[in-house]
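Student: below is the sequence, then the predicted model.
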Amino acid sequence: MTSISATEHHGPEKGLMRWILTTNHKDIGSMYLIFSLLMFFIGGSMALIIRMELVEPGLQVVQPEFFNQMTTMHGLIMVFGAVMPAFVGLANWMVPMMIGAPDMALPRLNNFSFWILPFAFTMMLSSLFMDGGAPNFGWTFYAPLSTTYAPPSVTFFIFAMHMAGVSSILGAINIIVTVMNMRAPAMTYMKMPLFVWTWLITAFLLIAVMPVLAGTVTMMLTDIHFGTSFFDAGGGGDPVLFQHLFWFFGHPEVYIMILPAFGIISQIVPTFSRKPLFGYPSMVYATSSIALLSFTVWAHHMFTVGLPLVGELFFMYATMLISVPTGVKVFNWVATMFRGSLTFETPMLFAIAFIVLFTIGGFSGLMLAISPADFQYHDTYFVVAHFHYVLVPGAVFSIMAATYYWLPKWTGYMYDEFLGKCHFWCSFIGLNLTFFPMHFVGLAGMPRRIPDYSLQFADFNMISSMGGFLFGFAQILFVIVIVKCVQGGKKAKAVCWEGAKGLEWSVPSPAPYHTFETPPNLPDEKYP
């Protein structure tokens, strides 16, 4: 088999056509990351509209109908347009380099799976300009609200979801084939970097659950246009069936958004602790356990629909059980840092914030797992606080940590450390100001997805909105850091993190030309 060097992958095309036709994993990874950053800002601006409406009670910045559209679009764009493409972009960039492969196994499929996404989300965003407005039924699009009472634009939303799902499945197939068939000869499975492991497991999850989402939205489509009654009680259907189908997809989906983050943190913490990762095999087994158990917990989102008692107990205990392998990971990260030679560059700050804040999100998740208590918490701002403490420090902070960590590899230049730390502290303070007060208003009974509220919740909502704007505008710093780094600056060394030789578990920057005859440097059992 002939290897093709990175520079030859583009063919003779220049300019725009080079990017449209490229099969180079680095180009495609960069396009995924740029696309997800754009979606992050669009979805984030929708969140700021929500927080603007909730600054004080009685204030009418936008109409309630538009508020509902914003809550729906914010969730959908952040989950499917920002977080997932960012992780796929990181996988495209790093997985081939980490396993010693010249590129992804299926480069043309790789190009195709990216270019589906801009069309999908253009279609979804275009619904904002249609008669009846964008989808307004929440990001979980529960039937019959999304089938019987939906605006006409729901059909566009369904096709956008189908396209995003196809993109995810193709990307997952590519990663599985690449990792299984293109590892360097010396790289056994138990020598793979944890980022590669977490992505391999995530890819299997994607292939398992994306067809469930496709089936669900197809049933919605036939209910709306072809007279079926899957979710219509009047025609013999069952609205609760929709919830079972959605959450059977939706809960593994949450882990699809968090497992690659675990891999990123498992790369960063050893580097800045100057120690090998504590308990590598247990991390691999814990990740696999989380993936398997994620299929057994879906109905903990549905305690209030009238499940039989034995069902409530099963899902309560299964949810408590899935927190055990997650706890194993947290203890292993802390044990890695224990008595290490720690330094606190920007990637490490984001990684430590991830560990602390994700743990808070995990504890509030355990509270929600207790089925009698969930009747009190359900559909309040406590749930909003919980999943944002999982997804913002979990998914978003890990993506930012990965960007700072690997930017020197990608560009050949070091980023501005001072600006990076400013970005971290503004994001950290803004995040906690936004979401921590939501625990209190939720426990006091404030319902979510409502554009107005009682006077007693005013102070906490004011704090949340101020934090939201601080967090939102802090991301402009992130863009400045990236642009400055791409333009140039201080040259990055071959091993760019001082004293971390052998711990970065990937090739030096810039990536050398690989053949399968020369495996990359793999860490021995004991580090030099």
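Tutor: Great, that's in hand.
Student: can you list the weak-confidence ranges in this protein?
Tutor: 1-13, 499-528 (pLDDT under 70).
Student: which residues in it form strands?
Tutor: In the chain, no segments count as strands under DSSP state E.
Student: got the contact list for stretch 472-480?
Tutor: Contact with stretch 472-480 is made by 37, 40-41, 44-45, 47-48, 400, 403, 419, 422-423, 426-427, 430, as judged by Cβ atoms under 8 Å, 6 or more residues apart in numbering. No exception for glycine: its C-beta is placed from N, CA and C like everyone else's.
Student: from those, which ones fall inside helices?
Tutor: Of the positions in the contacts of stretch 472-480, 37, 40-41, 44-45, 47-48, 400, 403, 419, 422-423, 426-427, 430 sit in helices, assigned by DSSP state H.
Student: sorry, back to before: farthest pair in the contacts of stretch 472-480?
Tutor: Ala47 and Leu419 (23.4 Å; Cβ to Cβ).
Student: with neighbour numbers in mind, choose between those two.
Tutor: Counted by other Cβ atoms under 10 Å, Ala47 and Leu419 do not tie: Ala47 has more neighbours, with 21 against 16.
Student: isn't that one up against Gly75?
Tutor: No - here Ala47 does not reach Gly75: they are 9.4 Å apart, not a contact under Cβ atoms under 8 Å.
Student: hey, what's in contact with both of these two?
Tutor: In contact with both Ala47 and Gly75: no residue, using Cβ under 8 Å, 6+ apart.
Student: what segments of the stretch 251-400 of the chain are helices?
Tutor: 259-273, 280-293, 309-337, 346-369, 371-377, 381-391, 397-411 (DSSP state H, counting those that start in this stretch).
Student: tell me how many other residues crowd the closest residue to Asp131 other than its chain neighbours.
Tutor: Excluding its sequence neighbours, the residue lying closest to Asp131 (Cβ to Cβ, 6 or more residues apart in numbering) is Pro152, at 6.4 Å. Using other Cβ under 10 Å, Pro152 is surrounded by 12 other residues.
Student: which ones are touching Pro152?
Tutor: When contacts are counted by Cβ under 8 Å, 6+ apart, Pro152 touches 130-132.
Student: distance of it from Met220?
Tutor: 14 Å (Cβ to Cβ, to the nearest Å).
Student: so Ser156 sits against Phe129, correct?
Tutor: Actually, residue 156 is Phe rather than Ser. No - checked against Cβ under 8 Å, the pair Phe156 and Phe129 is beyond contact range at 10.6 Å.
Student: the two: who's more crowded?
Tutor: Taking neighbours as other Cβ under 10 Å, Phe156 and Phe129 compare with Phe156 leading, 19 against 9.
Student: gap between the more buried one and Val495?
Tutor: Phe156 is 49 Å from Val495, by Cβ to Cβ.
Student: just Leu407 next, same as before
Tutor: 15 Å.
Student: ok, the two, which is more surrounded?
Tutor: Leu407 (23 against 16).
Student: and Tyr189, how far is that from Ala143?
Tutor: For Tyr189, the distance to Ala143 - Cβ to Cβ - is 42 Å.
Student: ok, the two, which is more surrounded?
Tutor: Ala143 (27 against 12).
Student: any shared contact partners between Pro152 and Met220?
Tutor: In contact with both Pro152 and Met220: no residue, using Cβ under 8 Å, 6+ apart.
Student: which one of the contacts of stretch 472-480 is nearest to Leu470?
Tutor: Using Cβ to Cβ, these come closest to Leu470 at Gly430, 3.6 Å.
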